[in-house]
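Asker: Predicted model and sequence follow; I will ask about them next.
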Amino acid sequence: MDRETLLEHFPRLLSRIEDEIDELRYLAVVDPNEYDPEIDDDFDEINPEDYNYLVYLPERVQQAIGEEMLAKLPEIIEASKVFENFLAAEEDLFAVRFAPEQEEEVARKILGIIEEQLA
């Protein structure tokens, strides 16, 4: 997504961010969940079989939406039923189950929910 497309999809969110954002990844970082329960014991509940993506909201987005919305966001996302499975691992880190090989779509879904809440 280029800047123009981002502005078209997320105008309220981008209006709250001073940085010139030209990539979706600067608004929501979505990575495949490569957690290995045999090796890593930090996030035992984030099993790749249950959650295939990890979503991190960068500080610029956290500041743009504010603490109150950030605190309510997990409940809002879970209630949306967009993801097969959803877990708020931390305030700014979520684990989700979504169709494989659709990292960009995961970011768009999360940001779309945020955009709706900013209305």
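Answerer: All right, it came through fine.
Asker: so Val55, which of the three states?
Answerer: Following DSSP: H, G, I helix; E, B strand; the rest coil, we place Val55 in the strand state.
Asker: who's in contact with it?
Answerer: Residues in contact with Val55 (Cβ atoms under 8 Å, 6 or more residues apart in numbering) are Ala28, Val29, Val30, Leu93, Phe94, Ala95, Val96, Val106, Ala107, Ile110. Any C-beta I mention is one placed from the backbone N, CA and C, and that applies to glycine too.
Asker: For the closest residue in space to the second one that isn't next to it in sequence, give its distance to Glu104.
Answerer: Residue nearest to Val29 in three dimensions, not counting chain neighbours: Tyr56, with 4.3 Å by Cβ to Cβ, 6 or more residues apart in numbering. Shown here: Tyr56 relative to Glu104, a distance of 15 Å by Cβ to Cβ, to the nearest Å.
Asker: now the protein, which segments are flagged as low pLDDT?
Answerer: Within the chain, the segments meeting pLDDT under 70 span 35-44.
Asker: Walking through it, point out its helices one by one.
Answerer: For the chain, the helices defined by DSSP state H cover 3-9, 11-15, 59-80, 103-117.
Asker: Now render these as TSV, adding mean neighbour count and distance to Ala88.
Answerer: Putting the helices of the chain into TSV (neighbours: other Cβ atoms under 10 Å; distance: least, Cβ to Cβ, whole Å) gives the following:
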stretch	mean neighbour count	distance to Ala88
helix 3-9	13	24
helix 11-15	16	19
helix 59-80	15	3
helix 103-117	18	12
